[in-house]
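J.: whatever this is, show me its structure:
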Amino acid sequence: TASDNCSATNELTVSFIDNPTNQSLLNFCSANPADRTLIRTYTVTDICGNSSTCTQNFVYNQSVLDPVIISVPADQTVDCEVNAFPQPHLFIVETDCGLAQTETVSTPIGSGTPGCPGSSIRYTYTATDLCGRSVSHTQVYTLANEGPEFVCPPDICVIDCPADTDMIQTQFDNYANFATVISSCSETPVSITNDFNPNGFIPQNCLNPVVAVDNAVAYQIVRFNATDDCGRNTSCTAMVVIQDVDAPEITTAPTDAIRYISPNATSEYQDWANGIIDNVVAADDCNNHGAGNITWSYSPAVPNTVFLGPFATTYVTFTASDDCGNGTSVTVTYRLKEAPTTAQATISGTIMTEAAEAVELVSVSLEGAVVNTNSMTDEEGYYGFEAEMNQNYEVAPERNDDFLNGISTLDLILLGQHLLEFQLLDSPYKMIAADINRSGTISSLDMIELRRLILAIDTEFSNNTSWRFVDAEYVFPNPTNPFASTFPEVNNINNLSSEAITDFIGVKIGDLNGSATPNQLAVNGDIRSQETLNFAVTDQKLKAGETYKFDFRASDFKGMMGYQFTLDYDESVLTFFDLNKGKLENLDMSNFGIHLEKGALTCSWNDRVAVNVEDEEVLFSLAFIALNDGQLSESLSLNSTLTPAEAYDETTTPMNLGLTFTKPNSERLILEQNQPNPFRMETTIGFNIPEAGPATLTIFDVSGQVVKVIEGDYEVGYHTVNISSSELGENGIWFYRLKATGKKAITKKMIVLE
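T.: Below is the predicted model:
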């Protein structure tokens, strides 16, 4: 209180200041009361500015009580080291008078063999108040996990014979790569060994085998062992066999024969066949693995004596077989002809491809003053006529069917490389095959017409036949340009005086890699590699009236030169709408054939250079309108109904092409690695929820301090969240954990870069 002789009480003002100015500047820990005293100075001032002061001392008691631990993180048993992380938010300490405190967490201290059961990881939490008094607690994580589980490769490893030691080892190594181990924790290394010996095979007889594997000529038992750093191991055994599936190779082949028919036709035929067997030779490269001897046989046992045209033809098959039952055959023709009644001579020949494969079903016409007839080439490519001598004749072959025989997008790749002079076609016959429109030149117009055939937009060539034929005796003056001169496609015989042989080279138009099948005996097997390029599309439910864009992605799209396929869609559910470009910049609607009446799209794409696309990038997108409700995976399929499904890498070897549907949902809780990782600005975390309900994504630092929590009620399926580095505050290592009701929490690590 204050009074003044010239001022009223209500005209006086009172103020004060403290020394020190803040209570926190006092030393409550000091034994000296002066260090714990706050001095407050009051000032009273009248209206003239005159003032008086007085002081008041606040003396605080000395703090003498140590910090007290209220709660601690519990000891835990976990499976893997990554789940042994600090939990400082559970370490709670109270201090005397609420003094400020600092908390620290020690680096993890391990004991025992890292990652192994019984080993432990310790974190020590310490709280220190302003007086320097500390309390501590140590949390112990004890590891308990299971040993490795062996996933042995398939029970039997088959090594093809013939093979030398290096080849055997290489084939086994490829097989052994399928041996895998499932371990509880990725941080516990596992080593896999085996006792395979490429020279340790036990031979066996195919006719009386010990090991019941078809055509196995040798075997051994191999043991695989897997051992982790904890000393735990598991093993499995596998059978390795050398299998003889290669038939003997015929090194000298029999030749065709023509005989006059006689009463002894059967015995003459059998004498001829036995004489052939006495002179043909075959070799078997698997002899060193016990393949045994080679035996010969022929069929049929008797000749055909029924005349169709000028000949009675027998197709005679000679077969060489080894002891494992592998056989290789060669077929020749044995023809009987009537003894001539007039002066006649045979006009005959064979029509072969450039690769010496017989072309059958070629209609060969023989025209002259006294004859106008046709002969069809057989499976050996042979044709023949009996013609009156001393006459002039023209021999002309023709075949115009099966335009797509041997044609694929691979031929477009080869044609494009020729036009760009990356890789020129190396024979005049391939250049004739590349002249699709028969213009006498090779141009981009040929590529357009060939692609339209592949896409099933056209069914034949606009100005060409499916085959062309060149006189086999003709020598191109300029092999690098067969169109520089007119090459003969017929053969003229003047004044036939003796047997005439007229051969032709058959050229399948559009087939630039020789994959056409020219005859039934030369049916080509599947020359595609074992590799498969799969397009992946996310499966989803379709709702009538909605427009959908389906992204086509691929893994391992490396060094790709082209692909082709047919995409069928259920016309009652979907109708095609549009194409959207992705990473394949030169893909447009000219690469597609639209077949609305069949509910199908055909596609043929290629590039002039090998193309690489990162995994999960969108190659292209197809837009559809849903006409009715449905499921995408039940409404869309990739197949070969119109355009065969296959792909080509830079080796130009065809590979399989397929379509897989990735499901957004699963039966288990999945937490994906953030992408990208490491990151600077932003990253995406993907996760899958197996059951609708609440889920929590928690992000915390290496000390266990929680920095972000994302909670929500999620539907079944795949979800993503984006995390910005600015939300985390600094670079370094961070952890994120996903927890859903009734499911075990999953934790992963991510890295933020500066």
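J.: just checking, what packs against the helix or strand harbouring residue 738?
T.: In this structure, residue 738 sits in strand 732-740 according to DSSP states H and E. Contacts defined by 3 or more C-beta pairs under 8 Å, 6 or more residues apart in numbering; DSSP states H and E place strand 732-740 against strand 682-689, strand 693-701, strand 746-752. In short, each C-beta sits where N, CA and C put it, glycine included.
J.: in the shortest one, what's buried?
T.: By neighbour count, and taking 16 or more other C-beta atoms under 10 Å as the criterion, the buried residues in strand 746-752 are 746, 747, 748, 750, 752.
J.: tabulate these (CSV), appending pLDDT.
T.: Shown next, in CSV, are these (pLDDT from 0 to 100):
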residue, pLDDT
746, 89
747, 88
748, 89
750, 90
752, 90
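J.: mind putting the helices and strands packed on strand 732-740 into a markdown table with distance to residue 596?
T.: Conversion of these to a markdown table gives the following (distance: least, C-beta to C-beta, whole Å):
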| stretch | distance to residue 596 |
| --- | --- |
| strand 682-689 | 37 |
| strand 693-701 | 44 |
| strand 746-752 | 47 |
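J.: where does the stretch 501-650 of the chain dip in pLDDT?
T.: Screening the stretch 501-650 of the chain residue by residue with the criterion pLDDT under 70, one finds the ranges 521-530.
J.: strands of that one, start to end?
T.: In the stretch 501-650 of the chain, the segments counted as strands under DSSP state E, counting those that start in this stretch are 504-508, 532-538, 541-542, 547-554, 557-569, 574-581, 592-595, 600-613, 618-626, 630-631, 636-639, 646-649.
J.: out of the ones you listed, nearest to residue 212?
T.: Nearest of these to residue 212, taken as C-beta to C-beta: strand 532-538 at 31.1 Å.
J.: any idea what sits nearest residue 240, other than its immediate chain neighbours?
T.: Excluding its sequence neighbours, the residue lying closest to residue 240 (C-beta to C-beta, 6 or more residues apart in numbering) is residue 157, at 4.4 Å.
J.: before we move on, which element is the one you found in?
T.: When elements are defined using DSSP H and E, residue 157 is found to belong to strand 156-160.
J.: which residues touch that strand?
T.: By C-beta atoms under 8 Å, 6 or more residues apart in numbering, the list of residues contacting strand 156-160 from outside reads 168, 171-172, 175-176, 213, 222, 238-243, 245-246.
J.: restricted to helices, list the residues you listed.
T.: In helices, defined here by DSSP state H, the members of these are 168, 171, 172, 175, 176.
J.: surely residue 382 and residue 350 touch.
T.: Yes. Contact criterion C-beta atoms under 8 Å: residue 382 and residue 350 qualify, at 5.3 Å.
J.: now for those two: what residues contact both?
T.: Both residue 382 and residue 350 are in contact with residue 358, where contact means C-beta under 8 Å, 6+ apart.
J.: residues in contact with the spatially closest residue to residue 26 that is not a sequence neighbour?
T.: The shortest distance from residue 26 to any residue that is not its chain neighbour, by C-beta to C-beta, 6+ apart, is 5.6 Å, and that residue is residue 36. Contacts for residue 36 (C-beta under 8 Å, 6+ apart) come out as 26, 27, 28, 30, 59, 60, 61, 62.
J.: which parts of the protein are helices?
T.: 165-176, 265-279, 409-419, 428-434, 444-454, 632-635, 725-728.
J.: now those helices in CSV, with mean neighbour count and distance to residue 610?
T.: Supplementary listing: those in CSV, determined by neighbours: other C-beta atoms under 10 Å; distance: least, C-beta to C-beta, whole Å:
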stretch, mean neighbour count, distance to residue 610
helix 165-176, 15, 25
helix 265-279, 14, 49
helix 409-419, 22, 10
helix 428-434, 24, 21
helix 444-454, 19, 18
helix 632-635, 17, 31
helix 725-728, 13, 36
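J.: which one of the ones you listed lies nearest to residue 133?
T.: Using C-beta to C-beta as the measure, helix 725-728 is the one of those that comes nearest residue 133, at 33.6 Å.
J.: tell me which strands and helices that closest one is in contact with?
T.: Under the contact rule (3+ C-beta pairs under 8 Å, 6+ apart), helix 725-728 is packed against strand 706-714.
J.: give me the mean pLDDT for the strand it packs on.
T.: Mean pLDDT, computed over strand 706-714, is 91.
J.: next, the angle from it to strand 732-740.
T.: Angular relation of strand 706-714 and strand 732-740 on a 0 to 180 degree scale: 30 degrees, by axes from the mean of the first three to the mean of the last three C-alpha atoms, to 10 degrees.
J.: is it true that residue 189 touches residue 227?
T.: No. Applying C-beta under 8 Å as the test, residue 189 and residue 227 come out as separate, 9.5 Å apart.
J.: of those two, who's got more company?
T.: In this comparison of residue 189 against residue 227, neighbours counted by other C-beta atoms under 10 Å, the higher total goes to residue 227 at 18 against 11.
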